[in-house]
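Participant: A structural model of the following input is requested.
(chains A and B)
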Protein chains: 2
Amino acid sequence: MTDARFDVLGIGSAIVDILARTDDDFLAANGMVKGTMALMTAEQSKKLYERMGPAVEISGGSAANTAVGIASLGGSPCYIGKVGADKLGEIFAHEIKAAGVDFHGGENRPTKLPSATCLILVTPDGQRTMNTFLGACTELAPADIDAERIAASRVTYIEGYQWDTPLAKQAIRKACQAAKGAKRQVALSLSDPFVVDRHRADLLALIRDDVDILFGNEDEIFSLYQAADMEGAIARLREARVLACMTRSAKGAIVFDGQATLAVDAAPVTKVVDTTGAGDLFAAGFLYGYTHGRDLTGCAKIGAVAAAEVISHMGARPEVSLKDLIAKQGL
Amino acid sequence: MTDARFDVLGIGSAIVDILARTDDDFLAANGMVKGTMALMTAEQSKKLYERMGPAVEISGGSAANTAVGIASLGGSPCYIGKVGADKLGEIFAHEIKAAGVDFHGGENRPTKLPSATCLILVTPDGQRTMNTFLGACTELAPADIDAERIAASRVTYIEGYQWDTPLAKQAIRKACQAAKGAKRQVALSLSDPFVVDRHRADLLALIRDDVDILFGNEDEIFSLYQAADMEGAIARLREARVLACMTRSAKGAIVFDGQATLAVDAAPVTKVVDTTGAGDLFAAGFLYGYTHGRDLTGCAKIGAVAAAEVISHMGARPEVSLKDLIAKQGL
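Facilitator: Residues are numbered from 1 along each chain as shown, chains lettered A, B, ... in the order given. Next comes the predicted model:
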């Protein structure tokens, strides 16, 4: 195996987040399930936006947040996602490139669809509830997957969200083949409990065939295996022979290496402002450690610190250098 | 004089700010004068954006920030500005309406130009340096000025920035006539020392003929009158027979009522993060007090509290309810 140019290549939906504070009544009145992601048409998104309060726009997208986190830690990330030929596409591209990520926005196969947006409602408890209009992301296709770059990446990291668009699903298959063909590893984030519910069979098959590292929170992993408790989930993870990271919010994270579990505490946070990106940044920290020779406890600790930083402010992109942050903590 | 539906009607450039942290070397390398505003072509703006680091997008525009501040204080503001038929225009419109401002974006006379953006570089001292691409704002014209709304507003508040576009200048003249015809007051913000330098004769004529309340910082007011010191500036303000507010950053503000000056301290700030909007929010607080029967000291104190809130975070829009903030301080 040759040297890798990139630590991690992320593939995902390239989204600009529009974040507004709200309360639980607004979620209920608009039929939202707190803490989850719902897909919206352009029309639905427009109507919800009109009802939302003042917001800020911050680039997001799950795997993109992870790629930016790895750059902030000092690693070498690459990202493939699809933006529209519009101002939000320019903004998304600027942000990810300015953060130090090698970005492929599908410019060689331009789409006429607008760039994706996610209307994120943040409740006083810091929990985020997401409403995504995928737009240009629905045209991410196998032709956008650069097999050479995947072969040059230690880990190819995929969002579960991609299963919601048929072309992207095909793109992911091509990416997995390219990674496996180059003897590289594949990581999967389960993304959302409803995504898992919609695509359980596909995701289980992918995990069986291609996935080396699995990320998910308790809800997602329990849903994946329809497990009633932690023992049941661990038993199924053992069969799956994956390295699994189960994030548990304030309870920290559990890493299962195929044999045993190890638990890592959540890093301290003065105030949880907005949980958007918590899982993405945990994955960033873990994968940075993993591709830089740290042991699993070290990987998970870096993940916990990165997640703690991102939930301390609005938006899913780090506001300070994560490299400095982990250095200060001796990680 | 009939009852006013609006406390303040603002007229200005409707801009989405793109804010990035930088250092003094970047300003120097790009030929910027710290603390000022420079106009850019679309091409210049694009090139600067490519060189800038990661940014956040927050709606801005000087008079728009003032209108939003007045809404946050519990007042009734109206705003006239011109946005493009694009995503940033939608975002600008959403923000200002969601904040509680009666907004007129020139939809009846649509423009094909893109919405305006301001690339704002924030240095570690919190100072902001602005680079504006005016786009759609250059098409704000007399036909966009709704004389009925101006007659229904206690104060019409105008940005000095408007003198940089010939059509907007004509629009301002129409607005002043409408205000004066309805026996309402006109307030002017000087906006920027270079704006004052470019349009001194025009601004002096407007102040002489139409302006009742003048806002500016020391640099701007000294430049307006080419005054060497405070005594010289005050002497000229006395001749101009305006109520004048001179903001002085950490030194607070001086209000001159045509006879005497009164000084108000700056409100305390733990850390100055980004001075964008400091003057706009001082004006918001002052005009809220002014249209709600407070004495001049009270007006200036509310202005100081509003300015202190906005410089404690990135962006020129308040992040908390200013109404609650002044209530807590007994204002």
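
Participant: Please name the residues that touch whatever residue of the stretch 151-300 of chain A ends up closest to chain B.
Facilitator: Here the stretch 151-300 of chain A gets closest to chain B at one residue, A:Val273, 11.0 Å apart by C-beta to the nearest C-beta. (Glycine included, C-beta is placed from N, CA and C.) Going by C-beta atoms under 8 Å, 6 or more residues apart in numbering or on different chains, A:Val273 touches A:Val122, A:Gly126, A:Ile311, A:Ser312, A:His313, A:Met314.

Participant: Would you mind listing what in chain A touches chain B?
Facilitator: A:18, A:20, A:49-50, A:52-58, A:86-88, A:90-91, A:94-95, A:98-99, A:114-115, A:315, A:317 (C-beta under 8 Å from any C-beta of the partner chain).

Participant: Quick check: strands, which of those are part of them?
Facilitator: Among those, DSSP state E puts A:Ile18, A:Ala20, A:Ala55, A:Val56, A:Glu57, A:Ile58 in strands.

Participant: The closest residue to chain B within the stretch 201-331 of chain A: what's its closest spatial neighbour, skipping adjacent residues?
Facilitator: Taking C-beta to the nearest C-beta as the measure, the stretch 201-331 of chain A has A:Arg317 as its residue closest to chain B, at 7.0 Å. Spatial nearest neighbour of A:Arg317, excluding adjacent residues (C-beta to C-beta, 6 or more residues apart in numbering or on different chains): A:Val68 at 5.3 Å.

Participant: looking at it, the one you found is touching A:Ser321, isn't it?
Facilitator: No - counting by C-beta atoms under 8 Å, A:Ser321 is not a contact partner of A:Val68; they are 11.9 Å apart.

Participant: Can you give me the distance of A:Val272 to A:Thr129?
Facilitator: Distance check for A:Val272 against A:Thr129: by C-beta to C-beta, to the nearest Å, it reads 15 Å.

Participant: Which one of these two is surrounded by more residues?
Facilitator: Just comparing A:Val272 and A:Thr129: by other C-beta atoms under 10 Å in any protein chain shown the higher neighbour count belongs to A:Thr129, 22 against 15.

Participant: my guess is that one meets A:Lys34, correct?
Facilitator: Yes - between A:Thr129 and A:Lys34 there is a contact at 5.2 Å, judged by C-beta under 8 Å.

Participant: Find the residues that touch each one of these two.
Facilitator: Common contact partners of A:Thr129 and A:Lys34 (C-beta under 8 Å, 6+ apart): A:Leu27, A:Thr123.

Participant: which residues sit in contact with A:Leu134?
Facilitator: Contacts for A:Leu134 (C-beta under 8 Å, 6+ apart) come out as A:Ser13, A:Leu39, A:Ala116, A:Asp164, A:Thr165.

Participant: Need phi/psi at the second one.
Facilitator: Here the main-chain torsion angles of A:Leu39 (degrees, to the nearest 10) amount to phi -90, psi 150.

Participant: count of neighbours near it?
Facilitator: Using other C-beta under 10 Å, A:Leu39 has 17 other residues around it.

Participant: and if you look at the last one?
Facilitator: Using other C-beta under 10 Å as the criterion, A:Thr165 is surrounded by 20 other residues.

Participant: Equivalent analysis for the first one, please.
Facilitator: The number of residues packed near A:Ser13 is 27, by other C-beta under 10 Å.

Participant: which residues touch the residue lying closest to A:Thr41 once chain neighbours are set aside?
Facilitator: Distances taken as C-beta to C-beta, 6+ apart put A:Phe133 closest to A:Thr41, at 7.1 Å, once the chain neighbours are dropped. Shown in contact with A:Phe133 (C-beta under 8 Å, 6+ apart): A:Leu39, A:Met40, A:Thr41, A:Ala42, A:Gln44, A:Ser45, A:Ala116, A:Thr117, A:Cys118, A:Leu119.

Participant: The third one and A:Thr138: what is the separation?
Facilitator: Applying C-beta to C-beta, the value for A:Thr41 to A:Thr138 is 11 Å.
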